[in-house]
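Engineer: take this sequence and fold it.
(one chain, ligands or ions: 2)
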Amino acid sequence: MNETLPILLSIVVVLAVIGGLVPVFLNARRNRQNYTGPRDANDPAPLDPTSQGDAQGGGTLVEDRPETIAPQPAILPEELLEPLAPAAPSLETPLPVEGRLVRLRARLSKSNNALGKGLLALLSRDTIDEDVWEEVEETLLLADIGTDSTMELVDTLRDRVKVLGVRSPEHVQSMLREELIKLVDPSMDRTLNITRHDDRPAVLMVVGVNGVGKTTTVGKLARVLVAEDKDVLLGAADTFRAAAAEQLATWGARVGVATVKSDVDGADPASVAFEAVKVGIETEVDVVMIDTAGRLQNKIGLMDELGKVKRVIEKQATVDEVLLVLDATTGQNGLTQAKVFAEVVNITGIVLTKLDGTAKGGIVVAIQKTLGVPVKLVGLGEGADDLAPFDAESFVDALLN
Ligand SMILES: Nc1nc2c(ncn2[C@@H]2O[C@H](COP(=O)(O)OP(=O)(O)OP(=O)(O)O)[C@@H](O)[C@H]2O)c(=O)[nH]1
Ligand SMILES: [Mg+2]
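Structural biologist: Ligands and ions are numbered 1, 2, ... in the order given. Here you go, the predicted model:
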């Protein structure tokens, strides 16, 4: 009896210590989910759409839920904890990101028939005379590649054909491919700057004129990042349109990503952006993505406001990526927008949307030349996963398919 008493006492002490630690661990885990929402279909934390905005119009967390986890009994294996939580909403699983441009190439080649088929047909003629070169020129100009690049490409091709005495259509076509790839510039760095810093998340902002696809792009990108296992938080700094924040929050909720927004219409977008980044820092997410309101580049007040949003965020974090979203169907007009936005905020990448609905894919070349900033992503449809990382070779191949 004397020998068993110390052993029994030790067991009681061990059980008491474990009983104290498990609830602490559980609370830490749930706290994190409170902000970022569940990560996948197996993750049980439900999204609570109840928003609790403050009257000042600062941002609040949409999925902010009261702490409801009661102390748990000791020594419950982790796998048994899941059924204790309420049922999960059905979350969508985004399609893999790898090879999206290739998978979506049909969307491009369909709309870019004019460019790809036209060029290939022209260059397949038995004799390539001046008339053919002129038609090639016209086709490239129609595709919005821009005058300088068109001249450059046609001159180079014409010289190469002349010097090499090339006659085979296949050879001419492969030279066209090479020259187009050179124009689109495979050497540009197209990686998104979204790596978390030691003590704070990466911050990404999207900017652009009305209706180009900013909110859709943030939504699609959130899915891409969730698929890559990143913790993401959205900030609805479009306080201009009442429905804008809801639109963004809906995109996020589909993949379990929370949104910081204001309940007050017309709230200061800079303060919502600030709040989103603050919550992102506190909850240790990997990336905070800030959606902004569409604004015409000739409205000086609105452009100033955009500059302010960025500066206010920079009081507590760096803005690592500023994506300018451009609608490919607007062609050359996009260039004017690009120049003005670049003066107000430092653009680090272009997202070219609606490439599925235009034969003007050549705008990629013109924009990169004008801004010296790479196209990083392309939108190829309204579907949730119709966003692809841009890649020069796959793009040209899709054009010439
Ligand atoms: N076909 C096609 N449609 C797109 C693409 N990207 C966005 N859209 C559509 O464009 C429309 C406008 O998209 P939004 O994301 O609301 O645009 P926005 O820039 O946020 O608009 P504002 O906030 O009003 O300035 C929606 O109907 C989208 O579905 C794309 O790549 N292809
Ligand atoms: Mg929007």
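
Engineer: ok, now which ones touch the residue nearest the centre of the chain?
Structural biologist: The centroid of the chain falls nearest to residue 221 when counting by CA atoms, centre = their mean (3.2 Å). Residue 221 makes contacts with 204, 289, 377, 387, as judged by CB atoms under 8 Å, 6 or more residues apart in numbering. C-betas here are computed from N, CA, C, even on glycine.

Engineer: so it is in which element?
Structural biologist: Here residue 221 sits within helix 214-227, counting by DSSP states H and E.

Engineer: wait, does that helix make contact with ligand 2?
Structural biologist: Yes. Helix 214-227 is in contact with ligand 2 by CB under 5 Å from the ion, via 214, 215.

Engineer: the helices in the protein, which residues?
Structural biologist: 4-36, 100-103, 105-111, 113-123, 130-142, 147-164, 169-184, 214-227, 244-254, 269-282, 300-313, 333-344, 363-371, 392-400 (DSSP state H).

Engineer: now render those helices as CSV, adding distance to residue 90.
Structural biologist: Listed next are the helices of the chain as CSV, based on distance: least, CB to CB, whole Å:
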stretch, distance to residue 90
helix 4-36, 17
helix 100-103, 23
helix 105-111, 27
helix 113-123, 39
helix 130-142, 46
helix 147-164, 47
helix 169-184, 40
helix 214-227, 15
helix 244-254, 9
helix 269-282, 25
helix 300-313, 33
helix 333-344, 38
helix 363-371, 37
helix 392-400, 33
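
Engineer: distance of residue 377 relative to residue 262?
Structural biologist: 27 Å (CB to CB, to the nearest Å).

Engineer: re earlier: between the helices of the chain, which one is nearest to residue 356?
Structural biologist: Proximity to residue 356 (CB to CB) singles out helix 105-111 among those, at 4.1 Å.

Engineer: ok, residue 148 to ligand 1 distance?
Structural biologist: Using CB to the nearest ligand atom, to the nearest Å, residue 148 is found at 27 Å from ligand 1.

Engineer: ok, the closest residue to ligand 1 within the stretch 201-350 of the chain - contacts?
Structural biologist: Residue nearest to ligand 1 within the stretch 201-350 of the chain: residue 294 (2.2 Å; CB to the nearest ligand atom). The contact partners of residue 294, by CB under 8 Å, 6+ apart, come to 208, 209, 210, 211, 212, 214, 238, 240.

Engineer: ok, how many other residues are close to the second one?
Structural biologist: Read it as residue 209. Neighbour count of residue 209, defined by other CB atoms under 10 Å: 24.

Engineer: pretty sure it sits against residue 296.
Structural biologist: Yes. In this structure, residue 209 is within contact of residue 296 by CB atoms under 8 Å, at 5.7 Å.

Engineer: quick check: neighbours shared by the two?
Structural biologist: Residues touching both residue 209 and residue 296 by CB under 8 Å, 6+ apart: none at all.

Engineer: so, low pLDDT: which residues of the protein?
Structural biologist: The chain contains residues with pLDDT under 70 at 1-89, 109-114, 166-167.

Engineer: domains for it, by residue range?
Structural biologist: Domain assignment for the chain by automatic domain parsing gives 97-184, 202-347.

Engineer: kindly reformat those domains as TSV containing distance to residue 397.
Structural biologist: Below are the domains of the chain laid out as TSV (distance: least, CB to CB, whole Å):
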stretch	distance to residue 397
domain 97-184	7
domain 202-347	18
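
Engineer: of these, which stretch is the most buried?
Structural biologist: Sort the domains of the chain by mean neighbour count, taking mean count of other CB atoms under 10 Å, and domain 202-347 sits at the top with a mean of 21.

Engineer: near ligand 1, which residues of the stretch 151-300 of the chain?
Structural biologist: 208, 210, 211, 212, 213, 214, 215, 216, 238, 244, 293, 294 (CB under 6 Å from any ligand atom).
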